[in-house]
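Asker: Build the 3D model from these lines:
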Amino acid sequence: MTHLHVDEVHADPAGAALRARRATEEARAHFVVHCDVDVLAFADTPLADVPDSGGDPIGLRLDELAASLAVFASSPRFAGLVLTEINPDHAPDPGVLRHFLTAVTMAVAQA
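Answerer: Below you'll find the model as predicted:
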């Protein structure tokens with residue numbers, strides 16, 4: 001399992017994802033990406049189960065997540081995506097969920 005600090009992802013989402021993808025490809029013939037929406041900054045995309053970090057905003061922006069997912073999905077060893085902890089009842093309006101689903105769909109479809 002490769003460990004990347006969030007600062008690496010903020011600095012270069014695609015580059016960080018590529019490093020993690022390469023390590024995963026070396027270890028397995030196929031892989032599935034598990035994406036928990038709690039990884040997102042609630043202020044950017046309010047769909048998480050844990051809406052408040054209790055301090056400074058943490059988490060990824062939706063564009064950072066989408067860039068990362070596009071890298072994983074472009075691998076010939078990519079076998080699927082699991083999305084969890086999506087709570088549309090936390091969103092201020094239905095457009096937030098549509099925006100999220102569009103970004104994720106486009107990221108995976110570009111692969």
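Asker: Only C-alpha atoms, please: export the worst-scoring helix or strand of the chain on mean pLDDT in PDB.
Answerer: Least confident helix or strand, the chain: helix 6-11 with a mean of 91, by mean pLDDT, DSSP states H and E. Output in PDB follows, covering the C-alpha atoms of helix 6-11 (Å, rounded to 0.1, in the frame of the first residue of the first chain):
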ATOM      1  CA  VAL A   6      -2.700  15.100   1.300                       C
ATOM      2  CA  ASP A   7      -0.200  18.000   0.500                       C
ATOM      3  CA  GLU A   8       1.200  15.800  -2.300                       C
ATOM      4  CA  VAL A   9      -2.300  15.400  -3.700                       C
ATOM      5  CA  HIS A  10      -3.100  19.100  -3.400                       C
ATOM      6  CA  ALA A  11       0.200  20.000  -5.100                       C
END
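Asker: Go through that helix and flag the buried ones.
Answerer: residue 9 (16 or more other CB atoms under 10 Å). The C-beta positions use only the backbone N, C-alpha and C, and glycine is treated the same way.
Asker: Ok, stretch 88-103 next?
Answerer: Neighbour counts using 16+ other CB under 10 Å place 90-91, 96-97, 100, 103 of stretch 88-103 among the buried residues.
Asker: nearest spatial neighbour of residue 68, skipping sequence neighbours?
Answerer: residue 17 (3.9 Å; CB to CB, 6 or more residues apart in numbering).
Asker: List the contacts of the residue nearest to the spatial centre of the chain.
Answerer: With distances taken as CA atoms, centre = their mean, the chain has residue 65 as the residue nearest its mean C-alpha position (3.5 Å). Residues near residue 65 by CB atoms under 8 Å, 6 or more residues apart in numbering: 13, 35, 39-40, 103-104, 107.
Asker: got the contact list for stretch 43-52?
Answerer: For stretch 43-52, with CB under 8 Å, 6+ apart as the criterion, the contacting residues are 37-38, 40, 42, 57, 59-62, 85-88, 90-92, 96-97, 99-100.
Asker: Before we move on, what's the pLDDT of residue 56?
Answerer: Here the pLDDT value assigned to residue 56 is 64.
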